[in-house]
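Novice: I would like the atomic coordinates for the input below:
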Amino acid sequence: MFNRMMFVIKGMNSKVQPTFSNDVCLAIYNAIKTEESMGKTYDLGGPHVYTYEEIYEHFFNLSEIKPYSVVVPLEQAYEYKQYEWW
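Specialist: Take a look at the predicted model:
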């Protein structure tokens, strides 16, 4: 039903902080409602920091499906991006 191919890019360790949509909506509501928030910037992030590999592992553990992992070097991933069909 979905693609089980997981491309693990070696040498790229970006991290993300997933947030819950209700928390984002509550922050927007509070920013609109309070006058002290006028002109201020908010930085929203979840309580945990994950790599994309950890998120994929967690997803496939929950769905109980074993993914097919392919390790791709970072330089080769940049070359793939330059192809016209991409």
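Novice: Next up, the contacts around the residue positioned nearest the centre of the chain.
Specialist: Centroid-nearest residue in the chain, with CA atoms, centre = their mean: residue 16, separated by 5.3 Å. Residue 16 is in contact with 49-52, 55, counting by CB atoms under 8 Å, 6 or more residues apart in numbering. For every residue, glycine as well, the C-beta is placed using N, CA and C.
Novice: from those, which ones fall inside strands?
Specialist: Among the contacts of residue 16, DSSP state E puts 50-51 in strands.
Novice: Can you add neighbour count, distance to residue 25 and pLDDT and give the contacts of residue 16 back as a markdown table?
Specialist: Below are the contacts of residue 16 laid out as a markdown table (neighbours: other CB atoms under 10 Å; distance: CB to CB, whole Å; pLDDT from 0 to 100):
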| residue | neighbour count | distance to residue 25 | pLDDT |
| --- | --- | --- | --- |
| 49 | 11 | 22 | 94 |
| 50 | 15 | 22 | 91 |
| 51 | 14 | 27 | 86 |
| 52 | 16 | 25 | 78 |
| 55 | 12 | 22 | 83 |
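Novice: which of the contacts of residue 16 lies closest to residue 80?
Specialist: Of all the contacts of residue 16, residue 80 sits closest to residue 52, with 16.7 Å by CB to CB.
Novice: wait, which of the contacts of residue 16 is closest to residue 7?
Specialist: Nearest to residue 7, judged by CB to CB, of these is residue 52 at 9.9 Å.
Novice: Of all the residues in stretch 43-63, which ones are buried?
Specialist: 52, 56 (16 or more other CB atoms under 10 Å).
Novice: what does that stretch rub up against?
Specialist: 4, 6, 8, 13-20, 23-24, 27, 66-67.
Novice: This structure: helices as residue ranges?
Specialist: 21-33, 52-63, 74-81 (DSSP state H).
Novice: comparing those helices, which gets the lowest mean pLDDT score?
Specialist: Mean pLDDT values for the helices of the chain show the minimum at helix 74-81, a mean of 77.
Novice: who's the residue nearest to the centre of the chain bridged to?
Specialist: Here residue 16 sits in beta bridges with residue 50, going by DSSP bridges.
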